[in-house]
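1. Please work out how this folds:
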Amino acid sequence: MKITIFDPSLRNHQGQLSINLGDVLIYEAVRETLQSIFPGAEFNRLSTHQFPEEHHYRQIDASDLVFVGGTNLLSSDVRTYNQWKLNRDEDDHRSPRISDVILFGVGWWQYQGLPTPDTKSYYEKILSRSSLHSVRDSYTKHRLSSMGIHNALNTSCPTLWKLHDLDTNRGGRERQHCLFTFTDYYRDPVADTEMLEIILRNYPGRIYYFPQGTEDVAYLHSLEIYGSHREQITLLDHNVDALNEVIRDGDINYIGTRLHCGIKCLQNGIAAIIIAVDNRAAEIEKDVNLPVISRKELYRLQDWLDGKHLFDRIKLPLEAIKKWKRQFVN
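-> As a prediction, this is how the structure comes out:
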């Protein structure tokens with residue numbers, strides 16, 4: 001069996017990784033899941049950040065199944081904003097060259113208005129009508145339904161599929177060290193300074209900063225609080241290996257605005273609290289009880305550190321996950 005995956009974790013078709021390492025963390029779960037469903041299959045990965053070339057279209061045509069795996073690729077107006085690079089010119093939106101693509105853990109780009117008629121037509125043409133799609137939250141499912149695409153299941157993000165019934169209230173100050181993140185493209189110097197002040201006040205040990213995006217370090221440097229506490233903060237390299245090394249130590253909590261760094265920590269038994277800055281963490285939290293608080297509710301971060309019970313156990317849509325997987329059994 002031949003399977004093509006449109007992969008946001010690839011910067012290009014030559015295999016370079018995306019500059020947003022969150023996509024790399026998502027692909028780890030996408031790969032593991034698809035390999036378990038299709039043992040022995042031949043997988044071909046194409047970047048969503050570059051337009052396909054002619055030989056790529058031939059690879060797609062020769063594939064038994066085509067997936068797009070993870071991240072917030074869907075949009076309400078594909079003419080003005082479309083992260084998934086499929087169409088080099090306007091006419092390609094009317095007659096896209098691919099079809100029957102299956103969504104796997106895909107979400108919607110930000111909170112938006114209703115999809116435009118062109119967008120509706122476009123997604124109807126490229127997305128499979130016969131297969132069930134996997135989307136990561138109710139908001140995305142409702143957006144697809146508003147276009148008449150009703151064959152989507154809210155399975156949540158595949159990065160969470162092994163975390164059902166996880167107790168996320170085991171944080172507080174039980175650890176000496178802290179790993180934190182900021183998001184360079186959702187800057188709020190006042191709120192982020194407050195968050196870092198809370199971290200510095202509560203963790204006497206090592207404090208690590210993971211730059212999931214390429215501009216995250218520059219943003220940290222721009223904050224006055226970093227200049228006055230530089231010696232207390234260790235900057236990690238911009239790669240997943242650096243993150244894994246800190247996580248392996250285990251004696252650490254996670255606090256930050258980067259969703260998938262937080263989920264990676266939860267996957268590895270590390271207590272984590274995620275600060276929502278956009279629709280992604282906020283919508284997943286509504287569906288599955290992910291340990292998320294709003295940037296406007298940083299007083300709840302101190303409550304968490306003080307050991308207060310803030311979150312219910314993670315509850316995944318297990319039947320939807322099973323149903324999505326089961327369609328590929330034959």
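2. Okay, helices next: where are they in the stretch 101-250 of the chain?
-> Remark: helices assigned in the stretch 101-250 of the chain by DSSP state H, counting those that start in this stretch are 117-126, 138-146, 189-202, 216-222, 224-228, 240-249.
3. For the fifth one, buried residues please.
-> Of all the residues in helix 224-228, those buried under the rule 16 or more other Cβ atoms under 10 Å are 225-226. The way it works is simple: take the backbone N, C-alpha and C, and place the C-beta from them, glycine included.
4. if we can go back for a sec, could you say which one of the helices of the stretch 101-250 of the chain comes nearest to residue 70?
-> helix 138-146 (12.0 Å; Cβ to Cβ).
5. for that closest one, packing partners?
-> Counting contacts by 3 or more Cβ pairs under 8 Å, 6 or more residues apart in numbering; DSSP states H and E, helix 138-146 is packed against strand 133-135, strand 152-154, helix 279-288.
6. Pick the most deeply packed of those.
-> strand 133-135 (a mean of 26; mean count of other Cβ atoms under 10 Å).
7. Contacts for it, please.
-> 102-107, 127, 141, 144, 149, 151-155, 158, 321, 324 (Cβ atoms under 8 Å, 6 or more residues apart in numbering).
8. quick one on the thing from earlier: how about the helices and strands packed on helix 138-146 in JSON lines, adding distance to residue 316 and mean pLDDT?
-> Converted to JSON lines, these look like this (distance: least, Cβ to Cβ, whole Å; pLDDT from 0 to 100):
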{"stretch": "strand 133-135", "distance to residue 316": "12", "mean pLDDT": "98"}
{"stretch": "strand 152-154", "distance to residue 316": "10", "mean pLDDT": "97"}
{"stretch": "helix 279-288", "distance to residue 316": "6", "mean pLDDT": "92"}
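9. wait, which of the ones you listed is closest to residue 95?
-> strand 133-135 (21.9 Å).
10. how does the chain divide up, domain by domain?
-> Listed by automatic domain parsing, the domain ranges of the chain are 2-161+318-326, 177-305.
11. Show me the beta-bridge partners of residue 44.
-> residue 4 (DSSP bridges).
12. separation between it and residue 10?
-> Residue 44 sits 11 Å away from residue 10, taking Cβ to Cβ, to the nearest Å as the criterion.
13. can you check residue 211 too?
-> Residue 211 is 20 Å from residue 10, by Cβ to Cβ.
14. Same check on residue 207?
-> For residue 207, the distance to residue 10 - Cβ to Cβ - is 32 Å.
15. Compare those two and say which is more crowded by neighbours.
-> residue 10 (22 against 19; other Cβ atoms under 10 Å).
16. Quick check: closest non-adjacent residue to residue 314.
-> Spatially, and ignoring its direct neighbours in sequence, residue 314 is nearest to residue 166 (4.5 Å; Cβ to Cβ, 6 or more residues apart in numbering).
17. Likewise for residue 81?
-> residue 75 (5.0 Å).
18. Hmm, the one you found is touching residue 106, no?
-> No: with contacts counted by Cβ atoms under 8 Å, residue 75 stays clear of residue 106, the gap being 11.1 Å.
19. who has more neighbours, the two?
-> More crowded of residue 75 and residue 106, by other Cβ under 10 Å: residue 106, with 29 against 22.
20. OK, contacts around the more buried one?
-> Taking Cβ under 8 Å, 6+ apart, one finds 68-74, 133-136, 140 in contact with residue 106.
21. can you pick the most crowded of those residues?
-> Most surrounded of those: other Cβ under 10 Å gives residue 70, at 31 neighbours.
22. where along the stretch 51-200 of the chain do the strands fall?
-> Applying DSSP state E, counting those that start in this stretch to the stretch 51-200 of the chain gives strands spanning 65-69, 101-106, 133-135, 152-154, 177-181.
23. can I get these in TSV with distance to residue 250?
-> TSV is the format used below for the strands of the stretch 51-200 of the chain (distance: least, Cβ to Cβ, whole Å):
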stretch	distance to residue 250
strand 65-69	29
strand 101-106	27
strand 133-135	31
strand 152-154	32
strand 177-181	10
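24. Quick one: closest of the ones you listed to residue 19.
-> So among the strands of the stretch 51-200 of the chain, strand 177-181 is nearest, using Cβ to Cβ, at 15.0 Å.
25. Run me through the strand neighbours of the closest one, direction for each.
-> If you go by DSSP bridges, strand 177-181 pairs up with strand 207-209 (parallel), strand 252-256 (parallel).
26. need the next SSE after the last one, C-terminal direction.
-> Translated: strand 252-256. helix 259-267 (DSSP states H and E).
27. What lies in contact with that next one?
-> Contacts for helix 259-267 (Cβ under 8 Å, 6+ apart): 22, 25-26, 157, 159-160, 162-163, 166, 168, 179, 181, 210, 212, 243, 247, 252, 254, 256, 271-274, 280-281, 284, 290-291.
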